Structures are given as structure tokens and as C-alpha cells.
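Q: predicted coordinates and the sequence they were generated for:
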Amino acid sequence: MMRLSPSSEGWSGTVTTDWYGDIPMRAVEMKQGVASFLIDNGNPRLPPRQWSARLENGGLHVTGDIWERHVDERVRRGTQADEKRLAFPVAPLPAPATLKPDGLAATPPMGWSSWNRFAAAIDDRTVREIADHLVSSGLRDAGYRFVNIDDGWQGSRSADGTIRPNARFPDMKALTAYVHSKGLKIGIYSSPGPKTCAGFTGSYGHVEQDARTFAEWGFDYLKYDLCSGEGIFRTAAQVKLAYQQMGQALRATGRPIVYSLCQYGRDRVGTWGRDVGGHLWRTTSDIEDKYASMAAIGFDRNGDPANAGPGGWNDPDMLEVGNGGMSEDEYRTHMTLWAMQAAPLMLGNDVRTMSPSTISLLENRGVIAIDQDPLGKQGHRVRKDGDAEIWMKPLADGSSAIALFNRGTEPRDIRLLPEDTGAAPISSLQEVWANAPDNPNRRSWTVPAHGAVLLRVSAR
Ligand code: GLA
């Protein structure tokens, strides 16, 4: 629906869409029966787009672009009844509040999520098989506990507004019971906007109702993805309230539910993620199964370590290990970086078919222990020397994890300098990936191209 009206200040109007509700026209110009105006969907990375509406054969010819859609429609003049029928119902936001910590996510959440490997082509049977294989592969016992359904499970709402799964998920309660029976937990996905990123039904206008439905179905985790909400919640304050609203709704269910915020790291989310009930918050746009994407995120976009710790974690996005787009050394770098940064470890591969190399990358107990260390300190870069980077993460037992990264395309020797580890002499050195002690006097390692060496260092 398009509304356009004159006033003493000139013309103004809105375009109403299923995804974004009423979008205000900007810079409206009216010339010889043609209205030109700008429309944007609230995404700060997309420029506003030029639209036009011209009178043609007694109707209106509207053209323009929004998100990934090109609009080229011939429309008719509506009646007041049409306007009422097509009106976008505006849902109120709560008053600002600060939620208290609830004790969940004392260490970074670990599990599996459907998105990176399956996108929206996910179904009940695959989720069950993934659960089976998390158990039989040993991944569950290595710590990967959540089985998370990402976008693509949603159907439509029933007459009373209750969200229903689509035909690929015939019985959510039976599915959660099955996953629970395997000693696992299970997660689901929604958006504060009317539509999710893949165009499925979002929670806009149904936030409390959806939280109750997810709890009643037996879910233990919710990823809440801004998606179309960026067109509705246009200020940082509104985005925060939209996340707070679901945070409060989840608390009100009385069921412990880990709450994962996904708004791509905008608005310094790390500084308020906990206040709205979040246990993890994305710090970036989506990862891709390519070294350049993983490295750009993992080295440079993982959020401020000061915001991370027990109960709330920076989330540089889910793992790509095992999806085939990177070499073994690159995937080792991926795991090492995520562990060093106390990142949530959400498997993104098909765990039903894993190579021995993938299993050993994902199940290394020493690497997982660094990620899950109870001190909960996010590691940081201590030194950079061209393509070499040295990172440090303090650990609960007083030792430190030290990672040597080679971002270059040739193998290189990386030396550990006294300032990398602090003043005290090193008393023991553990090569974590090899699970083997190293000579405490050793100071240089040859690190493969795009590779990493991970050490656990004790000093006295
Ligand atoms: C966004 C998120 C992804 C995934 C998709 C689903 O792009 O960032 O992680 O959830 O939506 O549509």
C-alpha cells in the first residue's frame, strides 16, 4: 500500500510492506503527475533507493527496489476499507528495564546450528539425525550440547495468533522430547520483525505469545535475529527495547532459555546485551566458509573483550569447520581463534558425515578447555609483526593460552618474545593441538601458511 498526501510543507507519504510495515518516503518530489521519493529498509549498509509513482491509464505505476526485491506494479486507487484492511498493526515496545543475570551460559554455549550447512532446507528428520550423530561421534560428550534449528521452521499463525511450524516440522514437542532424550538441549530461531531474514514469519506483534509457545514446546535456546526488524526499529534505543521485550518474555515463561542476540554487532551491543537478558550477541555480519571471511571476523571483529565473561559472550558467528571451503590449517586457525576469544562454539557442518580431520579439529579437548575456561576471559592480540600475530588468553589455573597465527601464504617462523608471556620465566609449555608437552625453553615455531600453533604456558 502506498499513501501520498499534500500538506503545506509539500508532499509526504509511506509505503507499507509485509516486511517493514510503514516506511516513510523521503525527499518526495511531485512533477507532472510523477512522484519521486527515496525508500530505505533501515539497513545502514544499503543506500536509500529511488522510487517513482506515475499516473498511467487511470492507475498508478510504481517502481523501486527494496532489500532484494524489485517492485514494478500497476496499482489502483484504494478505498477507506482497503486502507483499513492493509493497515500495518503497530506493536508497542516496553518501557526500558534492566534484567538481572539468571546464571545461564557460565561458559560460552556450545552446540550445533542448522544454518551454515542447511540454510532454510532443514527438517525434523535431519535434526533428529544430527542429534543421534552428536552422540555417536562423541561431540556431545566433548561439550556440544545445543541442537539449534535456525531459520526455516516457521509456518503461519493460527486464528488466535499462535505460531505453527511448517510441514517439515510436524510435531515440535515430539522433536524436543527426542533431542532431550539424547542428553542434548534444543534451540529455535525467530526475529523481532514481521519476517525473518529468509522471509518466514517473525515475532512482531506476538513476542510474549511466541516466547510462551517456544517454552511450551520445550526449547532451551532462542536466536533472535533482527532481519526485517531493522526497517521498523530504526534507532539504537528501539532495537534495544525490541531485544529487551523478548528477553523479558523469555524470563516470564519460567523456563531457562539461553538467549542469543543477532543484530550483527550494531549499536555497541556488547555494552547492553546482558541488560536485555542476552547470553551471547553477534559481533558481525554473516560468516562464509572462506578463509578471508573467517579471518576478517576472527582477527578483527570479535567485539570488546571487556564485555565478555560468564553469562554473556561476544559471538563472532557459527563455525564453518567441515564445510569444505577451507584447508585443514585454515580450519585449525578458525577453531584456535574462536577458542582464544571464548567464542560460542556452534558447529555449522553436517555431523552425519565428517572426515577424521574434521572430527579431530572439533573434538580436541585441550582446545575446547581453553574456550570453556571458567575464568571466562576473552583473549586478545598482544603483538603483530606483519602476517604474524600473537594472542594471549588468561586461564583460571594461572596459566595462559598463547596462539601464534600466520596470516601469510607462506610458512614462517614465529618467535615468542618475553613480553608476549609476561616477565616470569616459563616453567612448562604444552602444544595444545598435539596434546604434547614441549620444551619450556623453546621460543620459535614454524607456523604453516594460514595456520596456527596453540600453546598452554605456565610461568613461575
Ligand atoms: C541472518 C543471520 C544468519 C542466519 C540467517 C537466517 O543472516 O545472521 O546467521 O540466521 O539470517 O535467515
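A: Done, it's in.
Q: surely residue 370 is in contact with residue 393?
A: Yes. Contact criterion CB atoms under 8 Å: residue 370 and residue 393 qualify, at 6.5 Å. (Glycine included, C-beta is placed from N, CA and C.)
Q: count the residues that sit near the nearest residue to residue 103 once chain neighbours are set aside.
A: Counting by CB to CB, 6 or more residues apart in numbering, residue 103 lies nearest to residue 311, which is 7.2 Å off, once chain neighbours are set aside. When neighbours are counted by other CB atoms under 10 Å, residue 311 registers 17.
Q: for residue 311, phi and psi?
A: phi 100, psi -20 (degrees, to the nearest 10).
Q: also residue 439?
A: phi -60, psi 120.
Q: what pLDDT does it get?
A: Predicted confidence (pLDDT) for residue 439: 96.
Q: roughly how far apart are it and the ligand?
A: Per CB to the nearest ligand atom, to the nearest Å, residue 439 is found 43 Å from the ligand.
Q: is that residue in contact with residue 428, as I believe?
A: No. Judged on CB under 8 Å, residue 439 makes no contact with residue 428 at a distance of 9.9 Å.
Q: which one of these two is surrounded by more residues?
A: Counted by other CB under 10 Å, residue 439 and residue 428 do not tie: residue 428 has more neighbours, with 14 against 9.
Q: the more buried one bridge partners, please.
A: Residue 428 has these beta-bridge partners by DSSP bridges: residue 458.
Q: touching, it and residue 457? I think so.
A: Yes. Residue 428 lies in contact with residue 457 (CB under 8 Å); the separation is 7.5 Å.
Q: go through stretch 174-191 and flag the buried ones.
A: 175-176, 178-179, 182, 184-191 (16 or more other CB atoms under 10 Å).
Q: I meant to write stretch 2-15 there.
A: Those would be 2, 4, 13, 14, 15, for stretch 2-15 by 16+ other CB under 10 Å.
Q: try stretch 108-119
A: Buried residues in stretch 108-119 (16+ other CB under 10 Å): 108, 109, 110, 111, 112, 113, 114, 115, 116, 117, 118.
Q: do that stretch and the ligand meet?
A: Yes. Under the criterion of CB under 6 Å from any ligand atom, stretch 108-119 makes contact with the ligand via residue 115.
Q: may I have that stretch as PDB, with CA atoms only?
A: The C-alpha trace of stretch 108-119 is given here as PDB (Å, rounded to 0.1, in the frame of the first residue of the first chain):
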ATOM      1  CA  PRO A 108      30.300 -19.900  26.100                       C
ATOM      2  CA  PRO A 109      27.400 -22.000  24.700                       C
ATOM      3  CA  MET A 110      28.400 -25.000  22.600                       C
ATOM      4  CA  GLY A 111      26.400 -27.000  20.100                       C
ATOM      5  CA  TRP A 112      25.300 -27.200  16.500                       C
ATOM      6  CA  SER A 113      23.100 -25.000  14.300                       C
ATOM      7  CA  SER A 114      21.400 -25.800  11.000                       C
ATOM      8  CA  TRP A 115      22.100 -22.600   9.100                       C
ATOM      9  CA  ASN A 116      25.600 -22.700   7.800                       C
ATOM     10  CA  ARG A 117      25.200 -26.100   6.200                       C
ATOM     11  CA  PHE A 118      21.400 -26.400   5.500                       C
ATOM     12  CA  ALA A 119      20.100 -22.800   5.300                       C
END
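Q: picking that back up, which ones among the buried residues of stretch 2-15 lie within strands?
A: Mapping those onto strands (DSSP state E) picks out 2, 4, 13, 14, 15.
Q: neighbours of the residue in the stretch 201-350 of the chain positioned nearest to the ligand, how many?
A: Across the stretch 201-350 of the chain, the shortest distance to the ligand (CB to the nearest ligand atom) belongs to residue 286, at 4.6 Å. Neighbour count for residue 286, taken as other CB under 10 Å: 14.
Q: and residue 241, what element?
A: helix 236-252 (DSSP states H and E).
Q: how distant is that helix from the center of its chain?
A: Its chain's C-alpha centre and that of helix 236-252 lie 16 Å apart, by CA atoms, centre = their mean, to the nearest Å.
Q: report the buried residues of that helix.
A: For helix 236-252, the neighbour count (16+ other CB under 10 Å) marks 238-251 as buried.
Q: contacts for that helix?
A: 93-94, 96-97, 99, 102, 190, 192, 203, 207-208, 210-212, 214-215, 222, 224, 226, 229-230, 232-233, 257, 259, 261, 263, 266-267, 272-273, 275-278 (CB atoms under 8 Å, 6 or more residues apart in numbering).
Q: going by neighbour count, which residues of the helix or strand harbouring residue 133 are buried?
A: Per DSSP H and E, residue 133 falls inside helix 124-136. By neighbour count on 16+ other CB under 10 Å, the buried set for helix 124-136 is 124, 126, 127, 128, 130, 131, 132, 133, 134.
Q: just the CA trace of the next helix or strand after that helix, in PDB.
A: As assigned by DSSP H and E, the chain's next helix or strand after helix 124-136 is helix 139-142. Listed in PDB are the C-alpha atoms of helix 139-142, where the atom choice follows Å, rounded to 0.1, in the frame of the first residue of the first chain:
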ATOM      1  CA  LEU A 139      30.800 -34.400  20.100                       C
ATOM      2  CA  ARG A 140      28.100 -34.200  22.700                       C
ATOM      3  CA  ASP A 141      30.500 -35.600  25.300                       C
ATOM      4  CA  ALA A 142      33.100 -33.100  24.100                       C
END
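Q: thank you kindly, that will do.
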